[in-house]
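**Q** next come a sequence and a model predicted from it.
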Amino acid sequence: MIVMVINSGSSSLKYQLFEMNGGKVLAKGLCERIGIDGLLTHQPAGKDKIVTKLDMPSHQKAIEAAMSALISKEHGVLKSLNEISAVGHRIGHGGIYFSDSVRIDDSVKDAIRRVIPLAPLHNPAAIMGIEACEAVLGKEIAQVAVCDTAFHQSIPKKAYSYSLPLDLCEKHNIRRYGFHGTSHKYVAQQAASFIGRPYESLNFITCHLGNGSSIAAIEKGKSIDNTMGMTALEGLVMGTRCGDIDPGAISSLLREEQISVERLDEILYKESGLLGLSGISPDVRDIELAAKQGNTNAQNALDVLCYQIRKYIGAYMAALGGADAVVFTAGIGENSALVRANALRGLNRLGIEFDEERNNNCKGGPALISTDTSPTLVLVIPTNEEWVIANDALRLSGQKLQ
Ligand code: AMP
């Protein structure tokens, strides 16, 4: 049984095709520069990438290009598009409307549209992706929405409230929603299997550290806090996103620089974070190298990142009243021994006994990187959001594996 996973951005669209029997990725790809000109990178499993310039004036044309690649004589992996049983869509923001994945119908599309003010770039793209699949695969194809915010709908009011005037919060839906929910839930469940105890009996602090980063506090299977907020800007310093900042700095910038809100968004989303701090790159690999060569701005960027991870782990230890495990995942969490070490070293009094050697030898995980006597375990668990989305799509399509 074959399931397609789609992640639509404003001018790009990623896809992966899974054979659910065995969980094999058959092909994956990326449509870029949608609405500008168009570039398709298609990669059948075990083969080289094929990069083609193609006209992609709309998401529908991008989906059509991806589908053509999937059934093409030379690079295809399917005989016909009828072999696709379901499509799972990653939805950036589900607002208050979704606490689980859901089969897409008109009311689900309406709810995704209602959240557009909270995710003005991502949600319109998601709708375009869904409607493009309807146009290409037919209205009957089972489509499922998997929201990044859904897992965090259990965050209690005291943790999701911002202290602005109540009427403004209500009018504009201003509150913490939390993000990366699919990844946080997945790695916590995987960590529970690794430990060999029931997921619902354990407390976790999960650190999703990638290009975008967030940390979650999970109490007995339920998210009770996340460092990301109303948007995916809050919390940790990220590749190019600013993370926590005094709101007074924002009004001051607007006043002193006389910039538009659009320009402000550009600064906060695209020019800040590790790139802003280091002046070099948003990529931790580049920053680690530059810091090693003596670049003090790069060293400071790393120091800020590790300090913030450490600070939030401490905060969530308090919020949970202690954790069974701290879990690291995503590009930085799985691969940077340096970031993990600098975030965790010397936390023995918090019950985290970090093992330097295990950390250095960890090659992406799953792996234990705390000592055998550590009261709180530290684990590295690779995330796999696309696989979760594919499974939810299959489950909610009502079809079963033979
Ligand atoms: P993701 O968004 O999960 O794909 O993570 C991407 C980020 O992970 C990159 O921008 C890098 O900052 C980081 N990353 C990937 N590989 C490594 C590595 N070997 N060492 C340090 N950071 C890495």
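**A** Perfect, thanks for sending it.
**Q** got phi/psi on residue 328?
**A** phi -110, psi 140 (degrees, to the nearest 10).
**Q** what does the pLDDT read for it?
**A** Predicted confidence (pLDDT) at residue 328: the value is 98.
**Q** does it touch residue 334 like I think?
**A** Yes. Counting by CB atoms under 8 Å, residue 328 touches residue 334, with 6.8 Å between them. No exception for glycine: its C-beta is placed from N, CA and C like everyone else's.
**Q** return every residue with contacts to both of those two.
**A** Taking CB atoms under 8 Å, 6 or more residues apart in numbering as the contact rule, the neighbours common to residue 328 and residue 334 are 365, 380.
**Q** more neighbours: those two, which one.
**A** Comparing residue 328 with residue 334 by other CB atoms under 10 Å, the one with more neighbours is residue 328, at 32 against 22.
**Q** identify the bridge partners of the more buried one.
**A** residue 207, residue 380 (DSSP bridges).
**Q** quick check: it vs residue 366, distance?
**A** With distances taken as CB to CB, to the nearest Å, residue 328 is found 11 Å from residue 366.
**Q** what do you get for residue 77?
**A** For residue 77, the distance to residue 366 equals 28 Å [CB to CB].
**Q** who's in contact with residue 264?
**A** Residue 264 neighbours (CB under 8 Å, 6+ apart): 250, 253, 254.
**Q** mind checking the SS state of it?
**A** Look at residue 264: counting by DSSP: H, G, I helix; E, B strand; the rest coil, its state is helix.
**Q** now residue 351: closest residue in space that isn't a chain neighbour?
**A** residue 375 (3.9 Å; CB to CB, 6 or more residues apart in numbering).
**Q** what residues are up against the one you found?
**A** Residue 375 neighbours (CB under 8 Å, 6+ apart): 351, 352, 353.
**Q** surely the last one is in contact with residue 371?
**A** Yes. Distance between residue 353 and residue 371: 4.3 Å, which falls inside the contact criterion (CB under 8 Å).
**Q** I'd like the distance between the residue lying closest to residue 20 once chain neighbours are set aside and residue 14.
**A** Nearest residue to residue 20 in three dimensions, chain neighbours excluded: residue 1, at 4.6 Å (CB to CB, 6+ apart). Residue 1 sits 21 Å away from residue 14, going by CB to CB.
**Q** likewise residue 145?
**A** From residue 145 to residue 14 the distance is 16 Å (CB to CB).
**Q** more neighbours: which of the two?
**A** Neighbour count, other CB under 10 Å: between residue 145 and residue 14, residue 145 has more, with 28 against 18.
**Q** what kind of secondary structure is the more buried one in?
**A** strand.
**Q** what segments of the protein are strands?
**A** 2-8, 13-19, 24-32, 39-44, 50-53, 84-91, 102-103, 142-147, 203-209, 213-219, 222-226, 325-329, 367-368, 377-380 (DSSP state E).
**Q** can you give me the neighbour number for residue 213?
**A** Residues near residue 213, counting by other CB under 10 Å, number 29.
**Q** in this structure residue 387 contacts residue 19, no?
**A** No. Counting by CB under 8 Å, residue 387 does not reach residue 19; the two are 11.7 Å apart.
**Q** please see if stretch 224-242 touches the ligand.
**A** Yes. Residues of stretch 224-242 are located near the ligand by CB under 6 Å from any ligand atom, namely residue 239.
**Q** ends of that stretch, how far apart?
**A** One end of stretch 224-242 sits 23 Å from the other (CA to CA, to the nearest Å).
**Q** what is the mean pLDDT for stretch 362-373?
**A** pLDDT averaged over stretch 362-373 gives 96.
**Q** in the stretch 51-200 of the chain, what residue is nearest the ligand?
**A** residue 183 (8.7 Å; CB to the nearest ligand atom).
**Q** let me see the contact set for the nearest residue to that residue once chain neighbours are set aside.
**A** Counting by CB to CB, 6+ apart, residue 383 is the residue found nearest to residue 183 once chain neighbours are left out, at 4.5 Å. By CB under 8 Å, 6+ apart, the contact set of residue 383 is 183, 186, 187, 208, 329, 330, 334.
**Q** list the contacts for the residue in the stretch 301-402 of the chain that the ligand sits nearest to?
**A** Residue nearest to the ligand within the stretch 301-402 of the chain (CB to the nearest ligand atom): residue 331, separated by 2.0 Å. If you count contacts by CB under 8 Å, 6+ apart, residue 331 has them with 209, 210, 211, 284.
**Q** so which of these are also by the ligand?
**A** Filtering the contacts of residue 331 for proximity to the ligand by CB under 6 Å from any ligand atom leaves 210, 211, 284.
**Q** the last one contacts residue 336, doesn't it?
**A** Yes. Checked against CB under 8 Å, the pair residue 284 and residue 336 is within contact range at 5.6 Å.
**Q** which of those two has more neighbours?
**A** Per other CB under 10 Å, whichever of residue 284 and residue 336 has more neighbours is residue 284, with 25 against 21.
**Q** ok, and the closest non-adjacent residue to that one?
**A** Residue 284 sits nearest to residue 332 (CB to CB, 6+ apart), 5.1 Å away.
**Q** could you check the pLDDT of that neighbour?
**A** Confidence for residue 332, expressed as pLDDT, is 97.
**Q** list the contacts for it?
**A** Residue 332 neighbours (CB under 8 Å, 6+ apart): 209, 210, 213, 284, 339.
**Q** now those as JSON lines including pLDDT?
**A** Listed next are the contacts of residue 332 as JSON lines, based on pLDDT from 0 to 100:
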{"residue": "209", "pLDDT": "98"}
{"residue": "210", "pLDDT": "95"}
{"residue": "213", "pLDDT": "97"}
{"residue": "284", "pLDDT": "97"}
{"residue": "339", "pLDDT": "98"}
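**Q** just flag the most distant two among those residues.
**A** Farthest pair in these (CB to CB) is 210 and 339. Separation: 11.6 Å.
**Q** tell me the residues of this structure that contact the ligand?
**A** Within the chain, the positions near the ligand by CB under 6 Å from any ligand atom are 210, 211, 239, 283, 284, 285, 330, 331, 332, 335, 336.
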